[in-house]
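**Q** Sequence first, then the predicted structure, then my questions.
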Amino acid sequence: MTPKVKKEAPAPLKAEATAKTLRLRRQPKYPRKSAPRRNKLDHYAIIKFPLTTESAMKKIEDNNTLVFIVDVKANKHQIKQAVKKLYDIDVAKVNTLIRPDGEKKAYVRLAPD
């Protein structure tokens, strides 16, 4: 019996290893340009109106907090910026909730003077 000799796999040729298909450059019919999205919510569209219920008045007196009905798509940062610009006051923080009728209510806590 002759000892078994391990056969090595044939090494790939150098030309085969580096061969790559050529890619053609893109030639679109018209150039695609991405335009920046227009902000549909300006400061006046974000804040709809202040809430003047009895509980809202109590918040104003006791907690130094204004209550607004705002656009549902507005986030807390946008509400804070809108109140700063429209009412020229400093805002400490904003709490939001969505009412059962679908409106968004924002509690805007004013910064201490």
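**A** Everything's here; your move. Numbers count the residues shown, from 1 in each chain.
**Q** buried residues in stretch 88-96?
**A** Burial within stretch 88-96, assessed by neighbour count using 16 or more other CB atoms under 10 Å, is assigned to 91, 94, 96. The C-beta positions use only the backbone N, C-alpha and C, and glycine is treated the same way.
**Q** ok, now stretch 39-52?
**A** 46-47, 51.
**Q** Likewise for stretch 50-64?
**A** So, applying 16+ other CB under 10 Å, buried residues of stretch 50-64: 51, 56, 59.
**Q** how about the strands in the chain?
**A** 47-50, 65-70, 91-98, 104-110 (DSSP state E).
**Q** what sits up against the third one?
**A** Meaning strand 91-98. 70, 72, 76, 79-80, 83-84, 104-112 (CB atoms under 8 Å, 6 or more residues apart in numbering).
**Q** Show me the two of those that sit farthest apart.
**A** Between any two of those, the greatest separation by CB to CB is 29.9 Å, found for Val72 and Pro112.
**Q** Show me which of the two is the more surrounded one.
**A** Using other CB atoms under 10 Å as the criterion, Val72 and Pro112 rank with Val72 on top: 10 against 7.
**Q** Relative to Pro36, which of the buried residues of stretch 39-52 is nearest.
**A** Comparing the buried residues of stretch 39-52 against Pro36 with CB to CB picks out Ile46 as the nearest, at 19.3 Å.
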